[in-house]
Each structure stands twice: as C-alpha cells, then as structure tokens.
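Asks: okay, here's the prediction I keep looking at, along with the sequence it came from:
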Amino acid sequence: MSTSKHDHDREEGLEFQPKFDASGLVTVVATDAATGDVLMVAHMNDEALRKTIASGEAWYFSRSRNALWRKGETSRQTQRVVEMRLDCDQDAVWIRVEQIGAACHTGRRSCFYRKVDSADGGARLSFVDADRLFDPKAVYRE
C-alpha cells in the first residue's frame, strides 16, 4: 500500500505522471483495438510517449538500436492509437491500436506467435497464428 502523498497522487489523481525506469523507459503493451489480441510489447522514452500522444501514431524507443522509431517507418506496418492507458502506478502503458499489416518485425500479425507447452518436465514451443504477412528480408533488406 502506498504511504507517500506522491504515490497516492500518482495512483489516485488525474495528473499525467509517467514513471520511467532507471534507463528512462516505460514498458508498453500494444493490443488490437478490434480484437483485443496482444500485438507486441515495447518501450517508450519520454520523447516517444510525447510523440505518440501528439500524433496519434505509435512511437517507440529501441533499446538495441538506442534510437527513437515510429512504428511502420520502414515496414509501412503502422499503428494508429485508439486509446492509451496507464497502470495504477503509471509505470506501464497500454495502447489499443488499429494495426495496419503486421505488428512483428518477423512479418507476423503479432509478436506472440509461439505457445509454450509443457513437455517432459520442461517446456517446448509450438507455432500458433504464425503466418507471415510480409517477408522481413525484403522489407528490412536483411
């Protein structure tokens, strides 16, 4: 339970106070506005969050490239934000989007195209909804 006034204001108030981690990032979950399917999990820094709010298009921060990017700027697989929500302590963002094409850089509709199955005391992956909507080698020139 929160004890400080600051925590209480962040959890119960209406002031937008996103809580970034030590790297200056907040985790973002993107879901399909029509189906509710989870499309991807990514990160935003302050600039990406502000650009997303201002433009209505999803902007993210790539940890691997250490760079800001707009979803679809290379692939043309864009996300229009329908609604944005913050969790109770404002350290996670949920965006409901209209996904144009595939959300995953592998060319699949969702980044969650493998299911975890219990097998022989461990785990094994199996493909689900794994059809590619585009060829990533052609799009990203890999």
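Replies: Happy to help now that I have it.
Asks: got the contact list for residue 41?
Replies: Applying C-beta atoms under 8 Å, 6 or more residues apart in numbering to residue 41 gives the contacts 27, 28, 29, 30, 111. To be clear about C-beta, it is placed using only N, CA and C from the backbone, and glycine gets the same treatment.
Asks: for the helix or strand harbouring residue 94, buried residues please.
Replies: Assessed by DSSP states H and E, residue 94 sits inside strand 92-99. For strand 92-99, the neighbour count (16 or more other C-beta atoms under 10 Å) marks 92, 93, 95, 96, 97, 99 as buried.
Asks: residue 90 is in contact with residue 17, correct?
Replies: Yes: look at residue 17 against residue 90 with C-beta atoms under 8 Å: they come within range, at 5.4 Å.
Asks: can you check the pLDDT for residue 124?
Replies: On pLDDT, residue 124 comes in at 96.
Asks: quick one: secondary structure of it?
Replies: strand (DSSP: H, G, I helix; E, B strand; the rest coil).
Asks: cool, and residue 8?
Replies: helix.
Asks: okay, it and residue 17: tell me how far apart.
Replies: 12 Å (C-beta to C-beta, to the nearest Å).
Asks: dihedrals phi and psi, the residue located most distally from the centre of the chain?
Replies: Computed with C-alpha atoms, centre = their mean, the residue of the chain farthest from its C-alpha average is residue 120, at 32.8 Å. In this entry, residue 120 is assigned phi and psi values of phi 50, psi 40 (degrees, to the nearest 10).
Asks: buried residues in the host helix or strand of residue 81, which are they?
Replies: Assigned by DSSP H and E, residue 81 belongs to strand 79-86. Within strand 79-86, the residues that count as buried by 16+ other C-beta under 10 Å are 79, 80, 81, 84, 86.
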